[in-house]
Every structure is written in structure tokens, then in C-alpha cells.
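Asks: The sequence isn't on hand, but the structure is:
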């Protein structure tokens, strides 16, 4: 929950406490188009950008103003077609295309034929269907979300300028853990507990039943999950999200325009809450120059070009003061949910620091709780993270605590290494399977054969070649230092690895495993860290005996667990550990424990472009039987901040279906309650009771579906979800003329980035050329070279808004932005907007690490 108790919206009546508006609120302005000019010349976009760049620094606007701006952005079919071609080529590397088209029984989301849907979008482009840029991008983003894979990410174009949401947060809780949950305004729950009054559930939203409305909203905006229960939880406040500085999908993380007005009625009959939807502008102040019209918006957000009047000397780059002393606990950041004074706390705890791990000992129930809200940390903190986990285990076991709850609520994944090391802390005698595979198709096999063959021939007796060989040892296109899961030996060639294995109408590689006993691979893959517990000589690893058996451990999730988190859940549950999942839609029945992406690796399109250019330079190493050629350059078409896909599936031993498409229910499901949703001591007691002593606490009909320790699970429920549709009016605007080689005005672009999303060395002047990034000293490690080195790097700014997921490293939050509302006179926003700098996860050539010695 990111709402301070003194903030909310408008005048709340009845059960909702009145709040005041912030200082510096500017009156809402109507756009002032030039008489007779096309809609692309409307100045509503300029009014918004001027408010952002003003001394007041407004960030929050009426959603209707933002939509009016987006609807005035013109559309160029040539640019859209080139972008679609680029994305279609990129998605050929997406590992799940065949299973999305033809999912197995038990998959809870609708099927989608990605390639066919792209053809339909191209047909709409050709027919003149799209009348403005927003209509095209919204259609495109809907298809991206239809993959229900959090590794399929696209932040690009005009749609990246804003995020939408409600000005208040909501929470879904049961009165007693048995009754179906109802939805409340989060502040009402918090305030009522301290002020002694009874909050009322929400009855309707914009005249529609609350549950029906939110199910539709979640299906449209909560992306990246394999079932609707997790989509529902993504809408709701969560203390585990508060401590990470995130926004809920309902209250600031929405992608699509939800409308202008927002009216909420309450079950107790008190006066309705009449307010408006808000939009958050995702660019920081002074970074764009004056963008006056929809055409200017197109130039900047779609083509990646600054206006001709842009003056870089006027950019005032954000300054970040050194963070204050780290807190001793999460209590204040979570509005009292996490206990004060944890028994274990990772150093530098806090939203604006690097520590995330805490541990708690409850001797009255002989249970320890290990809280792991994320694995997404900067490399420097990996050691502290692992040490905190080990310290928790040693202290909890020395106290004789019988059981352990591992809390993974809101864990989005992150460093894969932490999944492997944390598992090994609990089960030192087991080796996780960790298998994965990819699509086997000509272009991918051309990349793999070229780079693997080149890598194999690098001379280890040549110091420069040795360093480069060590640097790219963990490349996705080097396979001979990874293991063939079927034999336990290293692959001998890409040809051996690529198969193909034919499944579900597509071709796949053999199953691979990381060779964690290979220090060179480890250091390249994990930023010079290597897991001592997986090396042949484990003398440096102190844990040799299981501290607890599997039946003494339970994982607590909320279904949002993704990526490296799902890998950890897979390892633990295959070892026999039980799961309890909390929340979900207000219905009975089972819920999956980890519904975020279960893909093995997120890969970004820019890295793929670099790989293709590199492979083109060594194309003599491509196997002769591979029928593919490398393009000279891949034209982006549009300005892309970030584009990603899932390159490898997680695969179980001897099972062909990707884990992404398996139904993996938790052993037990519980509802959040009024008593425990913001009291984690109570929540953890409830989880421990449900898992170890009182299964009657589980939601009716939620048990018997798990595959953990169960060879005959109940059949999965029948899927009820349908692909959402977007109700947009697609207003026609009079188009300006586009030119391939313009002398002025809008033109057909090649998507050249304007900077601000790349980490490079600072120039000698110490002033970053893009005017946005800050020159800072950072410690990096180059793969294959032992030890750190400090370099001065231009670190791009980043924020906690979903629309700005453009950080090519890890976004380190450094400060809170004031949530100021512009162009409106009757709105307020209670969410915290965080900003910081993007730190590199690993050294690379752009930061001074060695380049290919043969070029």
C-alpha cells in the first residue's frame, strides 16, 4: 500500500475520511488548438509537458487529459509496419509460441496465435483502420499482454508516456477467513483499526458490481500471469509491495485509459465517492524540451527525436542526496504490517538502500519466518543477501524452532543465483534439476552455431583471447560449457544441442542445465560470484546437514511470484516443501502458488541485435547445414525503451510441457483477512497453523490439487478467463504529411534512441551527453577477470512506474518524488512516486571490459 494515511482523493463521505488537496495545484486547462488546425496540433500535450517542466514539477494529471493528448498523436503506417516487422522477428525467439497457440489442458488463460494476431494488426495498418497512434499501440500492447508471460515486455512509443490508475488503493479481504473476500478502500482498513470504526466494503464501481468490474480491469491491465487469481492480487495493496516502492495495477500501474470518472458506492449506504481516474506522466521533468502538439509527442515518444527548439543547456538533471540511515525494520514503510526489530536483517535495509531480507522468530509456535520479497538486487548485495539467509538458518535451527515459513509475497524474481543458493541453504544434500530449453529454428541456430564454434576455437594460451573467452562464457549462444540434462555431460556442439525435438507442432532444443561446478561459467553468469556449494570442492561450504525436513517448511506466496522466484518455488516443491497461497478472486477453490512467468530467462531485444551484429562478423563459423543469414541491421521503426522476451522455458526432467503451461496449485489457499492483511505477525501465524496444525483454515475446495508429494492430484479447474477487448473510440485526426527525407515536420523514422536508457562510460568532461544521466563512480566486474574496478559511468534515471521499465540494469531507488497534480482542480493522488538511478548488473564492453581480440 503506497497511500499515506493523510492522503487520498476529493471529498470522501460517510465511511471515508475527508482529505485535503496538495499545495501548488494548478487549475485544469482546456487545450487550445489553433483555429482550423488538425487535431494533431492540439496543445493539450504541450499543456501537460509544460506543467511537468514548470517549477512546481507536476506529475499527476486527469486521465481524460492524458487520453486527449494520446488521441492527438498522429499515426504513420510506414513506421508502424517497420516496427511490427522488427517485433515479429524478435518474437521468433520467444520460447512459448506453439504452446500459446495450442495450450495443454489445465492452462488457465486463453490461447493466442501470436503470429496470426500480428498479421491481423498488419492488415489493419494496411486498411487504414488506425486513425491515431494510441489506437495502434493499444492494440499491439494487448497482444503483448495476451502472452501472459512477464518476460514478454514492451515499453515503447506514446503509450509509455503515461500510466493510469485510481487515486486511491483497494484491498480484498475476508471478514473471518471463511467468508468470501470483499473489496475495501485500503485507507479505510488502516484508519478504522486505529480509530475504532467499521469500514464498509465497496458495492459498485461505475455502476457495475465490484467483482465483475475488477475482474475485467485486471484481465486488461494485470499482465504476465498464468491465471486470473494472480491478476486480481496485482490490483490490491500489499505491505510486501510497499517496502519495495511499487505501485499496484489499480492505483497507478494501469496501461490503458480507463475513462474519466470514477464513482464508488458502499454496502452500508453512505454517500458515493465521486472522483476521477488519474494519469501519471512517466518522463522526468525537463528531459523532453517543449512538446507542444500531438505531432511533437509523436516525434519524441514514437520516433525518438527532440524538438528543434530543444536547448540541452536548460536540462536540470535530477540530483540525489545520499540516502538517510537505513531503518532497523520494515515497520514504518509497511504501515505497521511488518514487526519492529526483526531478529535477522540484511545490512542496508530499506527502499532507498540495498537490503531486503528479514527474519523473525516466534518461539510460542516454534516457527521462524524468512521474508524474501525480491531476488532483484544489485550484484554488490548478493553476498549480504546470502549471508542473511544463512544467518537466519543458523540462528533459527540453534533455537530449536521446528518449522519455517518462507514468505515470497510480491517476489518478482531477479538474480537466478539467489534461487540456487537459497535452495542449497535448506537442502545441502540435493541438486536441483534446473532444466530449460529453447525454440530450435534457423536464425537461432545460426547465432548459436556461429558463436559457440567461435568460442570453442578461442586460444586459452593467448591472454587476450582467454579473457574474452571467459567474458562470454555465459552467453546464451555458447552451449558447450552447459550440460546436456540427459547425459550430465557438456554439450559437444550447438548441433548436438539444437536437436530438433518436435513437440506440440514446433521444434525445440534438447534440455540444458547450468554447469554450476564450472567456476568460469559461474563468474560470467553471476557477476564474479560463484556458488561454493555447487563446486566439486565444497570444503568452503559450512552447511552439510539439512536444518529442517521438507514437511517442516512452507512457502507463502500470493501468486505473483515470477521468474527466479518461480525457479526457487520449483526447486523447493520438487524437494517436497508445501505451499500456502493467499488471496485471489473472491471465490472458493484452488489457486496456483507461482503464477508469474515461469520462463527460465528474460532476454532483451537490444542484446539480440548486438548478438546478430557480432555473429555477422564471424559468420564463417556458422554450421553449413543451418539455412539462415544475418541481416545487416534490424530497423526498430519506433523508439523502444525496452523490449524483452522469454528465450528459454523451464522444463522438468523427462517432461515435454513447459512449466509455464502446467497447473501447479498450492497445497492450501487462505484468504487475507481484515485482521492479518496489515498485520504480518498475525498472517504468519495463520499460515503456520494452516500448514502444520489446522488444515481446516484452508479455503473450501482448495486442497488436493497440488502435485507436491501427490501422484494423483485433482484435475485442474476449467478456465473461465477470456481475452479482454479494449473499448476505444479510435478518433480520427487530420494527418500531417510524412516524408522519408524531411526538411521539417513529422517524418518516417528508423527508431534511433535518444539516449537515457543506456549505461556507458562518462566523457572526460564528466557531463553525460544525453543530458539526463548522472556521472557516478560505480564498481564493476568484467566477466573472466577477477576483482572489481571502479569506473565513472553515466547512470540513466529510472522510476517505480511500470511505464518506465527501461532500466538496462537494476533501478536503485534514491528518493521520493512529490505527487503533485497538474491541470486539475479537484484531484489528489496518494501514491508514492520513487525515482533513482539505473546501476549496471555487470561490466561490459561499453564500460571498458575487453572486446573481441580477433576483431
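Replies: Right, received. Where do you want to start? Only a predicted model underlies this, so the values are computations on that prediction, with no experimental measurement involved.
Asks: Packing partners of the strand or helix carrying residue 600?
Replies: Element membership of residue 600 [criterion: DSSP states H and E] is strand 599-604. Packing partners of strand 599-604 (3 or more CB pairs under 8 Å, 6 or more residues apart in numbering; DSSP states H and E): strand 640-651. From N, CA and C alone the C-beta is placed, and that goes for glycine too.
Asks: what does the helix or strand just after the strand it packs on rub up against?
Replies: With elements assigned by DSSP H and E, the helix or strand that comes after strand 640-651 is strand 668-670. With CB atoms under 8 Å, 6 or more residues apart in numbering as the test, strand 668-670 has contacts from 177, 578-582, 584, 589-591, 686-687, 690-691, 695, 697-699, 702-703.
Asks: So among those, which ones count as buried?
Replies: Among these, those buried by neighbour count (16 or more other CB atoms under 10 Å) are 177, 578-582, 584, 590-591, 686-687, 690-691, 697-699, 702-703.
Asks: tell me which helix or strand of the protein sits lowest on mean pLDDT?
Replies: Within the chain, no helix or strand scores below strand 810-817, which has a mean of 57 by mean pLDDT, DSSP states H and E.
Asks: re earlier: give me the subset of the contacts of strand 668-670 lying in helices.
Replies: Counting by DSSP state H, the part of the contacts of strand 668-670 found in helices is 686-687.
Asks: pretty sure residue 623 is in contact with residue 449, am I right?
Replies: Yes: with contact defined as CB atoms under 8 Å, residue 623 reaches residue 449; the gap is 4.1 Å.
Asks: shared neighbours of these two, which are they?
Replies: With CB under 8 Å, 6+ apart, residue 623 and residue 449 have common neighbours 494-495.
Asks: quick revisit: beyond the strand holding residue 600, next helix or strand please.
Replies: Note on strand 599-604: by DSSP H and E, the next helix or strand toward the C-terminus is helix 605-617.
Asks: tell me which strands and helices that next one is in contact with?
Replies: Applying 3+ CB pairs under 8 Å, 6+ apart, one finds that helix 605-617 contacts helix 77-91, helix 442-457, strand 640-651.
Asks: Would you mind pulling the contact partners of it?
Replies: Under CB under 8 Å, 6+ apart, the answer for helix 605-617 is 86, 90, 93, 446-447, 450-451, 475-477, 622, 630-634, 640, 643-645, 808, 852, 855.
Asks: if we go to 6 Å?
Replies: Outside helix 605-617, the residues that touch it by CB atoms under 6 Å, 6 or more residues apart in numbering are 90, 447, 450-451, 630, 634, 643.
Asks: got it, and stretch 97-112?
Replies: With CB under 6 Å, 6+ apart as the test, stretch 97-112 has contacts from 113-114, 146, 148, 227, 504-506, 657, 661, 663, 716, 719, 721-723.
Asks: what comes up buried for that stretch?
Replies: Quick answer for stretch 97-112 (16+ other CB under 10 Å): 97-101, 103, 106-109, 112.
Asks: residues in contact with residue 189?
Replies: So residue 189 contacts 171, 199 (CB under 6 Å, 6+ apart).
Asks: that's a helix at it, yeah?
Replies: Yes: using DSSP: H, G, I helix; E, B strand; the rest coil, the assignment for residue 189 is a helix.
Asks: Share the number of residues neighbouring residue 489, please.
Replies: By the criterion of other CB atoms under 10 Å, residue 489 has 9 neighbours.
Asks: Need the pLDDT of it.
Replies: Note for residue 489: predicted pLDDT of 98.
Asks: beta partners of the residue lying closest to it once chain neighbours are set aside?
Replies: Nearest residue to residue 489, sequence neighbours excluded (CB to CB, 6 or more residues apart in numbering): residue 483, at 6.8 Å. In this entry, residue 483 is beta-bridged to residue 490, residue 513, by DSSP bridges.
Asks: Determine the number of other residues adjacent to residue 483.
Replies: Around residue 483 sit 22 other residues, with neighbours defined as other CB under 10 Å.
Asks: cool, and residue 363?
Replies: Residue 363 has 10 neighbours, counted by other CB under 10 Å.
Asks: What separation is there between it and residue 703?
Replies: 29 Å (CB to CB, to the nearest Å).
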